[in-house]
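# Kindly return the folded structure for what I paste below:
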Amino acid sequence: MKHIMVAPSTYVQGAGELGNLSQYIKDFGSKALLVASDDDYGRVRAILSDCEADFVRGGFNLECSKKEIARQIEIAKTQECDVIIGLGGGKALDTAKAVGLSLKLPVIVVPTIAATDAPCSGLIVIYKESGEFEEYIFSKRNPNVVLVDTQVIANAPVRFLVAGMGDAMSTYFEARACARSDADNTVGGKSTKAALAVAELCYRTLLEDSLKAKAACEAKVVTGALENIVEANVLLSGLGFESGGLAAAHAVHNGLTRLEETKNSFHGEKVAFGTVVHLVLENAPQAELSQVVSYFQSVGLPTCLKDLGVVDISRDRLMAVAEGATAEGETIHNMPFPVTAEDVYAAILVADRIGSSRS
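Reported below is the predicted structural model:
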C-alpha cells in the first residue's frame, strides 16, 4: 500500500515578503511570465516596480479555462519566459500552475488573498468560460515557491480571508472521511498520519483564531492571529486536502456551480455550505455539526441556500446540484459509504434547514 504526502518546495510567509520576489526568480531564470489580473497587479504594482526582474505581463481573464491557459502558454513561448508567476486569487494561480506544467517550467505562486488553499497544491481546477466547474487536473508537480505577504493579505477585503476559512474548515472533515474509507488522496496514494494531523491542526487553528484574524484584517494590520489563519487557509489546508483527500464538501461545491445565482459567491463560501451537507451525509454527532454551523455563522459564512442567493429550491434545481456532486469521478465517492444523488438532495434540504436556524 502506497502512502504519499506532497508539498511545495518552499513556503515563505510574512509581512513585506513580496519585496523579495526577485530573489526567488533568480533561482530559476531571468524572464518571468506574470499571470495576474489588472486589479491584482494594480494592488502590488508599487512593490513589484522595485523588483529586479524582467516581467512579461500576461494579464488574466478571470477564469482558469482551457482557452485562457492556451493563451498564456503562447505568450510564454513567444516571449521565451523561463519561469511562471501566478499572482492573485486561486484561479490565476491555477492558470499559472497549468502553464508551468505544460511547458515544464518552474512556478512561483504569490497569493494576494487567502481565500483558498490553491497556492500550495499541484491540483488545478478547470472551469468553463461561463464559470461552471469542468474538471480537475491532478498534477504531480507542486509549486516551486509559495510566497505569501501577510500585509498584502491584510490589505485585501476581509471577505476573501473569511472565504478562505470556509475552504479550510472542510479540510479536516474530508481528510477524515478519506481515512475512514481508505480512499486515495488527490495524488493517487493513501493518506499519511502527518497529513491527517495537519488537517486537524488546521481545524483547531480556525476555531481558535478566526474571529481575531478577521478583526485584524478589518483593521488592515498583521497580528499573530492573522498570521495563524493565513497559514491555516493556505499552508495547512493545502497540505491537508491534497495529501489527505477530498470528499463530499468540495463535490457539493462543484454541483452548486450549476446554479447561476451561486456565481456571486466565492469558492470557500460554497464549500462552507458543502461542509454542512457533508456532515449531514455522514450523520456527524450533533455537537460537532452545531459547532461547525455556529462557527460559520460567527465569522459570516453561508450555512443555508439563501445565504448563497438561492431562493428557488425546487426539486429539479437541487437535483441538478446533487447530480453534479455525484457525477462519475467526483470526490464524493471517497465517502466511507455509497452516496447517490437522492442522498445528496436529501442532505442539502436538511443542511438548509439546520443552517437557516440562527443561534
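# Residue 204: helix or strand, and which one exactly?
For residue 204, the element it lies in under DSSP states H and E is helix 193-218.
# Low-confidence stretches in this protein?
359 (pLDDT under 70).
# One more pass at 80, please.
Scanning the chain for pLDDT under 80 picks out 358-359.
# Quick one: the strands in it, in order.
10-14, 31-35, 54-59, 83-88, 107-111, 123-127, 133-138, 145-149 (DSSP state E).
# So what's the gap between the third one and the chain middle?
Spelled out, that is strand 54-59. Strand 54-59 sits 24 Å away from the centroid of its parent chain (CA atoms, centre = their mean, to the nearest Å).
# what helices or strands is that strand leaning on?
On a contact count with 3 or more CB pairs under 8 Å, 6 or more residues apart in numbering; DSSP states H and E, strand 54-59 meets strand 31-35, helix 38-48, helix 66-78. To be clear about C-beta, it is placed using only N, CA and C from the backbone, and glycine gets the same treatment.
# Would you mind pulling the contact partners of that strand?
Residues from elsewhere that reach strand 54-59, judged by CB atoms under 8 Å, 6 or more residues apart in numbering: 30-38, 41, 48, 71-72, 75-76, 79, 81, 85.
# With the fourth one instead?
With CB under 8 Å, 6+ apart as the test, strand 83-88 has contacts from 21, 25, 28-29, 31-37, 40-41, 44, 55, 60, 76, 92-97, 99-100, 103, 105-113.
# of those residues, buried ones?
Listed as buried from these are 21, 25, 28-29, 32-37, 40-41, 44, 55, 60, 76, 92-97, 99-100, 103, 105-113; burial here means 16 or more other CB atoms under 10 Å.
# mind listing what's buried in the helix holding residue 204?
Here helix 193-218 shows 195-196, 198-203, 205-206, 209-210, 213-214, 216-217 as buried, counting by 16+ other CB under 10 Å.
# Ok, stretch 281-288 next?
For stretch 281-288, burial by neighbour count (16+ other CB under 10 Å) applies to 281-282, 284.
# Closest to the centroid, which residue in this structure?
Nearest to the mean C-alpha position of the chain, by CA atoms, centre = their mean, lies residue 116 at 3.0 Å.
# you'd agree that residue is up against residue 267?
Yes: using CB atoms under 8 Å, residue 116 is in contact with residue 267, at 5.4 Å.
# hey, what's in contact with both of the two?
In contact with both residue 116 and residue 267: 90, 163, 167, using CB under 8 Å, 6+ apart.
# Residue 247: which of those is nearest?
Minimum distance to residue 247 across those is 13.9 Å, recorded for residue 167 (CB to CB).
# mind listing what the nearest residue to the closest one once chain neighbours are set aside touches?
Leaving out its chain neighbours, the residue that sits closest to residue 167 by CB to CB, 6 or more residues apart in numbering is residue 268, at 3.6 Å. Residue 268 is in contact with 115-116, 162-168, 301, counting by CB under 8 Å, 6+ apart.
# could I get the residues you listed as CSV with distance to residue 141?
As requested, the contacts of residue 268 are exported to CSV (distance: CB to CB, whole Å):
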residue, distance to residue 141
115, 23
116, 19
162, 30
163, 26
164, 23
165, 28
166, 27
167, 22
168, 23
301, 32
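# Contact partners for the closest residue to residue 324 other than its chain neighbours?
Nearest non-adjacent residue to residue 324, counting by CB to CB, 6+ apart: residue 255, 3.5 Å away. Counting by CB under 8 Å, 6+ apart, residue 255 touches 320-326, 344.
# Format these as TSV; extra columns: distance to residue 140 and neighbour count.
What follows is the contacts of residue 255, written out as TSV (distance: CB to CB, whole Å; neighbours: other CB atoms under 10 Å):
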residue	distance to residue 140	neighbour count
320	33	17
321	31	26
322	32	26
323	30	17
324	27	23
325	26	29
326	27	22
344	30	28
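# quick check, nearest of those to residue 124?
So of the contacts of residue 255, ranked by how close each gets to residue 124 (CB to CB), first place is residue 324, at 19.1 Å.
# I'd guessed that closest one sits against residue 250; true?
No: at 11.8 Å, residue 324 does not count as touching residue 250 under the criterion of CB under 8 Å.
# Now do the helices for the stretch 251-359 of the chain: every range, in order, please.
267-281, 286-299, 315-325, 341-356 (DSSP state H, counting those that start in this stretch).
# tell me which residues in the last one are buried?
Residues of helix 341-356 classed as buried under the neighbour-count rule (16+ other CB under 10 Å) are 341, 343-349, 351-352, 354-355.
# Using a markdown table, lay out those together with distance to residue 132.
Listed next are the buried residues of helix 341-356 as a markdown table, based on distance: CB to CB, whole Å:
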| residue | distance to residue 132 |
| --- | --- |
| 341 | 18 |
| 343 | 23 |
| 344 | 18 |
| 345 | 19 |
| 346 | 24 |
| 347 | 22 |
| 348 | 18 |
| 349 | 23 |
| 351 | 22 |
| 352 | 22 |
| 354 | 27 |
| 355 | 24 |
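# of those, closest to residue 144?
Nearest to residue 144 among these is residue 344, at 37.8 Å by CB to CB.
# so the closest one touches residue 322, yeah?
Yes: using CB under 8 Å, residue 344 is in contact with residue 322, at 3.8 Å.
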